[in-house]
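Q: turn this into a structure:
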Amino acid sequence: MRSPMPRLAVRALIMADDRLLLVNAYAGPRSDLWCAPGGGVEPGTSLTENLQREVQEETGLGIEVGLPCLVNEFHDPKTGFHQVEMFFKAEITFGQVTADWRDPEGVVTRRRFFSRAEMATIRFKPSSLIRAAWGDEIIYDPLEVIVR
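A: Got it, this is the predicted structure:
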């Protein structure tokens, strides 16, 4: 069944020591796909409030949200699902990435920082992530088919 409207999501590009924080939201070895932390927008709250909440839930980190840097969209032709994602630069205000942290909701199974060179060794989405994280431009990444 087709969704009546695209889902809106927000994601954070968090850099530390020239490394980008990514999460894997699949239990066990189900998928090796990495993405920036974030999630769906709840009505009645700002994009920045939603992003702060999602990053806290998925990583345990507090962030200060900066400027937008990427708009990405993808869809699943089989189900009609369509998501538009807004990526923002962000800085950590509290917390640390530690091995013993666990997502209380059990959504994020792994989180870690990747150097630009390490990005070439992993699967990640969207494909414009490197340009957005290490660049200074605002990017629009057009509609593509969902990857799992």
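Q: just checking, what packs against the lengthiest helix in the chain?
A: Using DSSP state H, we find that the single longest helix of the chain is helix 47-59. Counting contacts by 3 or more Cβ pairs under 8 Å, 6 or more residues apart in numbering; DSSP states H and E, helix 47-59 packs against strand 7-16, strand 19-24, strand 38-40, strand 62-75, strand 82-94. C-betas here are computed from N, CA, C, even on glycine.
Q: contacts for that helix?
A: The contact list for helix 47-59 (Cβ atoms under 8 Å, 6 or more residues apart in numbering) reads 10-12, 14, 21, 23, 25, 37-42, 45, 61-63, 65, 86, 88, 90, 95, 97, 101, 103-105, 107-108, 111.
Q: make TSV from the helices and strands packed on helix 47-59 and add mean neighbour count, mean pLDDT and distance to Glu54 to it.
A: As requested, those are exported to TSV (neighbours: other Cβ atoms under 10 Å; pLDDT from 0 to 100; distance: least, Cβ to Cβ, whole Å):
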stretch	mean neighbour count	mean pLDDT	distance to Glu54
strand 7-16	20	97	7
strand 19-24	21	96	10
strand 38-40	19	94	4
strand 62-75	18	96	10
strand 82-94	18	97	11
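Q: let me have the ones you listed in JSON lines, adding distance to Ile122 as columns.
A: Compiled in JSON lines, the helices and strands packed on helix 47-59 are given as follows (distance: least, Cβ to Cβ, whole Å):
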{"stretch": "strand 7-16", "distance to Ile122": "16"}
{"stretch": "strand 19-24", "distance to Ile122": "8"}
{"stretch": "strand 38-40", "distance to Ile122": "18"}
{"stretch": "strand 62-75", "distance to Ile122": "17"}
{"stretch": "strand 82-94", "distance to Ile122": "18"}
